[in-house]
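1. Dropping a prediction and its sequence here:
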Amino acid sequence: MAEGKSREAWNHTASIMAMIANVNRDPKKHGPYGAESFHPYLQRARSAPKTKNLSILKVVFVDGT
């Protein structure tokens, strides 16, 4: 129940924050903000960074000894 109240409060706060950000944004530099941009419970899961082929490290550190 406490989490539900917290989520509801953040829905309200995130909407106001998005409105303030949209009023003050430069349309040439950034698109419109949504409430999900500021809502901590709705933050999108960040994708894992894509790694490059690290086989050269195996050659240097494992096979090189």
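-> Arrived safely.

2. what's the average pLDDT for stretch 7-17?
-> Throughout stretch 7-17, pLDDT has a mean value of 93.

3. With only the CA atoms kept, save that stretch in PDB.
-> Extracted C-alpha coordinates of stretch 7-17, given in PDB (Å, rounded to 0.1, in the frame of the first residue of the first chain):
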ATOM      1  CA  ARG A   7       3.800   5.600  -7.200                       C
ATOM      2  CA  GLU A   8       0.800   7.900  -7.300                       C
ATOM      3  CA  ALA A   9       2.700  10.700  -5.800                       C
ATOM      4  CA  TRP A  10       5.500  10.200  -8.500                       C
ATOM      5  CA  ASN A  11       2.900  10.100 -11.300                       C
ATOM      6  CA  HIS A  12       1.800  13.600 -10.200                       C
ATOM      7  CA  THR A  13       5.400  14.900  -9.700                       C
ATOM      8  CA  ALA A  14       6.700  13.400 -13.000                       C
ATOM      9  CA  SER A  15       3.900  15.000 -14.900                       C
ATOM     10  CA  ILE A  16       4.700  18.400 -13.500                       C
ATOM     11  CA  MET A  17       8.400  18.000 -14.100                       C
END
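
4. Give me the longest helix you can find in the protein.
-> Assignment by DSSP state H gives helix 2-24 as the longest helix of the chain.

5. among the helices and strands of this protein, which has the poorest mean pLDDT?
-> Sorting the helices and strands of the chain by mean pLDDT, DSSP states H and E puts helix 55-57 at the bottom, at a mean of 79.

6. where in this protein is pLDDT low?
-> Low-confidence segments of the chain (pLDDT under 70): 43-49, 64-65.

7. Okay, N11 and P27: tell me how far apart.
-> Distance of N11 to P27, given as C-beta to C-beta, to the nearest Å: 26 Å. The C-beta positions use only the backbone N, C-alpha and C, and glycine is treated the same way.

8. I should have written R7 there, sorry.
-> Distance from R7 to P27, counting by C-beta to C-beta: 31 Å.

9. of these two, who's got more company?
-> R7 (13 against 8; other C-beta atoms under 10 Å).

10. For that one, which non-adjacent residue is closest in space?
-> The shortest distance from R7 to any non-neighbouring residue, by C-beta to C-beta, 6 or more residues apart in numbering, is to Y41 (5.4 Å).
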